[in-house]
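Colleague: next come a sequence and a model predicted from it.
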Amino acid sequence: MKYLLLIADDESVKDDPDRTAAYMAWVEEAGSRGVLVGGERLHQSSDATTVRVRNDELLVADGPFAETKEQIAGYFVIDVAEHRRRHQGGGNAARRLQRRDRDSADWEM
């Protein structure tokens, strides 16, 4: 079964090389175990656009703009056979990245 792991982060905090290394180590480990389907890092929320269709007209606008301390910074998709392994995979990522596990968004990785 496939699960989406959302990565929440505070955009105002500068990237930490140790955290980036932890991300890459987790990606490599999950890939070698065959559970990582994919994942991407997202652009900052200040780059967001909203696309709507109204009366067959395409409308593109800036935003929405996040008014929270954390934003969705990216995601991973994992494929595990057992429900509890999802928690193990997400928990391993959260521990490595020093973030809480929240299961419920393109820069190159």
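Modeller: Happy to help now that I have it.
Colleague: what's the burial count for D9?
Modeller: Neighbour count for D9, taken as other Cβ atoms under 10 Å: 19. Just so you know, the C-beta spots here come from the backbone N, C-alpha and C atoms, and that holds for glycine as well.
Colleague: do the same with D18
Modeller: By the measure other Cβ under 10 Å, the count of residues near D18 is 9.
Colleague: can you give me phi and psi for it?
Modeller: Here the main-chain torsion angles of D18 (degrees, to the nearest 10) amount to phi -70, psi -40.
Colleague: if I've got this straight, I78 is in a helix?
Modeller: No: per DSSP: H, G, I helix; E, B strand; the rest coil, I78 lies outside any helix segment and is strand.
Colleague: look at it and report its pLDDT.
Modeller: On the pLDDT scale, I78 is placed at 90.
Colleague: next, count neighbours for it.
Modeller: I78: 24 surrounding residues under other Cβ under 10 Å.
Colleague: now it: how far from K69?
Modeller: Counting by Cβ to Cβ, to the nearest Å, the separation of I78 from K69 is 26 Å.
Colleague: and V37, that one's in a strand?
Modeller: Yes: assessed with three-state DSSP, V37 lies in a strand.
Colleague: residues in contact with it?
Modeller: By Cβ atoms under 8 Å, 6 or more residues apart in numbering, the contact set of V37 is 2, 77-79.
Colleague: could you measure from it over to L4?
Modeller: Distance from V37 to L4, counting by Cβ to Cβ: 10 Å.
Colleague: name the residues contacting each of the two.
Modeller: Shared contacts of V37 and L4 (Cβ under 8 Å, 6+ apart): V77.
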